[in-house]
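S.K.: just a sequence and a predicted model for now, questions to come.
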Amino acid sequence: MRIFKTILNTIPRPLLIKLSYVARPFIAFYLKGNTYTDPIDGKSFRKFLPYGYETQRDNVLSPSTLSLERHRLLWMYLKNETDFFTSKKSLLHFAPEQAFYKRFKKMKNLEYTTTDLHSPLADVKADICDLPFEDNSYDVIFCNHVLEHIPDDTKAMQELFRVLKKGGMAILQIPQDLSRELTFEDDSITDKKERAKIFGQYDHVRIYGRDYFDKLRNIGFKVEEIDYSKKLKSEEIDKYRLTKGEILPVVYK
């Protein structure tokens, strides 16, 4: 719907986060049903909401948790393939997503720290390229859909590597065009509409290609390119509104 695109492109993100807390219960009640299910909270709806800054994707935004395809995929991977929900861990979460924030905060096994320059949900206001944390501080780091906003993503990756504990795990999701071999960026493109058209969002500085994984390896990470959708039936992919073939960049130090 055009109204959602207008809202996303005109309301500042911090304010949008606050407003969503107010609107979410009403939208969830209106759309309740049995067609699609959000695996994060188990609630079902007759349809999900559209989402997208430049190109709208239909039926992808959960009315209850406000999760997108990537959030639900990550949740299912963590739940089914890791000990994230049961083992004691220190977690550093960049630009904390609403779908996860309150749930992670309530988990007794987590020592949970959030960080961002602008998010109202951040415990620590910090520049990802100059983090105020000691070396080898965290067992787990989530930094999802952040690096595409950072001009010096190499420095940001180095900082992520530095503060991750030896043997620790990080998940570093980004918008990625898997048909593209090489990452593309062009600082000379300054018009917001043109940037949104080329990079998918006006405040993105690049579109990552398949070489993203090798860049992480060059930083020092051990990288696993996990296509978790291969473990799911097509009915499950549709039921949970996931993207078939999306790769989870799961990295280790």
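M.R.: Received the coordinates, thanks.

S.K.: how close does the most far-flung residue of the chain relative to its centre get to Leu182?
M.R.: Each residue of the chain has a distance to the centre, and by CA atoms, centre = their mean the biggest one is for Ser188: 27.0 Å. Distance of Ser188 to Leu182, computed by CB to CB, to the nearest Å: 18 Å. Where C-beta positions appear, they are placed from N, C-alpha and C, glycine not excepted.

S.K.: do the same with Leu147
M.R.: For Leu147 relative to Leu182 (CB to CB), the value is 16 Å.

S.K.: pick out whichever of those two has more residues nearby.
M.R.: Neighbour count, other CB atoms under 10 Å: between Leu147 and Leu182, Leu147 has more, with 26 against 10.

S.K.: please enumerate the strands of the stretch 101-250 of the chain.
M.R.: Using DSSP state E, counting those that start in this stretch, the strands of the stretch 101-250 of the chain run over 110-116, 124-125, 138-143, 164-171, 222-226, 248-252.

S.K.: got a list of what the residue lying closest to Leu216 once chain neighbours are set aside touches?
M.R.: Once flanking residues are discounted, Leu216 sits nearest to Val223: 5.0 Å by CB to CB, 6 or more residues apart in numbering. The contact partners of Val223, taken as CB atoms under 8 Å, 6 or more residues apart in numbering, are 213, 216-217, 249-251.

S.K.: rerun that using 7 Å as the cut-off
M.R.: By CB atoms under 7 Å, 6 or more residues apart in numbering, Val223 lies in contact with 213, 216-217, 249, 251.

S.K.: who does it bridge with?
M.R.: Val251 (DSSP bridges).

S.K.: going forward, count from 259.
M.R.: Noted, 259 is the first residue going forward, which turns the last one into Val481.
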